[in-house]
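Novice: Sequence first, then the predicted structure, then my questions.
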Amino acid sequence: MNLEPSARDTHETYDISLRFRQSLEERIVRLERDAAADEQMLAGLEHEDHIRRHRRLVAVQRAEALRMRLFLDRTKSRLPRPLIAL
């Protein structure tokens, strides 16, 4: 019987600033929007190699957006430091 925790159970949690979180969320939205737009452009491409490279671009954009979403799932937002020392 294997008692070792699975890789999914051992993810670290990261504290990130609200500003960094917002920056990542904006980047995810841009990647997904660009992937959708690039996919629409496929219909107008004629050269087989160009179509292949464009499909690869769309796949990479979506993979990067997913990677960032998975990272955000393992984070918690850090509260900003107080302006006045307590």
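Specialist: Noted; the coordinates are in hand. Model, not experiment: these values are computed from the prediction.

Novice: Going by C-alpha atoms from here, please, whenever you check contacts or count neighbours.
Specialist: Fine.

Novice: mind listing the strands in this protein by residue range?
Specialist: Using DSSP state E, the strands of the chain run over 14-17, 75-78.

Novice: list the helices and strands the last one packs on?
Specialist: Using 3 or more C-alpha pairs under 8 Å, 6 or more residues apart in numbering; DSSP states H and E as the contact test, the elements touching strand 75-78 are strand 14-17, helix 18-41.

Novice: just the first one next, same as before
Specialist: Contacting strand 14-17 under the criterion 3+ C-alpha pairs under 8 Å, 6+ apart are the following elements: strand 75-78.

Novice: which residues are in contact with the strand it packs on?
Specialist: Strand 75-78 is contacted from outside by 13, 14, 15, 16, 17, 18, 21, using C-alpha atoms under 8 Å, 6 or more residues apart in numbering.

Novice: For residue 52, state which of those is nearest.
Specialist: Nearest to residue 52 among these, counting by C-alpha to C-alpha, is residue 21 at 33.1 Å.

Novice: residues contacting the closest one?
Specialist: By C-alpha under 8 Å, 6+ apart, the residues touching residue 21 are 72, 77.

Novice: Go through this structure and flag its longest helix.
Specialist: Counting residues, the longest helix found in the chain (DSSP state H) is helix 48-73.

Novice: what comes up buried for that helix?
Specialist: Neighbour counts over helix 48-73 (16 or more other C-alpha atoms under 10 Å) mark 51, 54, 55, 57, 58, 61, 62, 65, 72 as buried.

Novice: mean confidence score for it?
Specialist: For helix 48-73, mean pLDDT rounds to 96.

Novice: In terms of secondary structure, what does it contact?
Specialist: Packing partners of helix 48-73 (3+ C-alpha pairs under 8 Å, 6+ apart): helix 18-41.

Novice: And the average pLDDT for the helix it packs on is what?
Specialist: For helix 18-41, mean pLDDT is 96.

Novice: buried sites along that helix?
Specialist: Buried-residue list, helix 18-41, by 16+ other C-alpha under 10 Å: 21, 24, 25, 28, 31, 32, 34, 35, 38, 39.

Novice: Nothing else from me, thank you.
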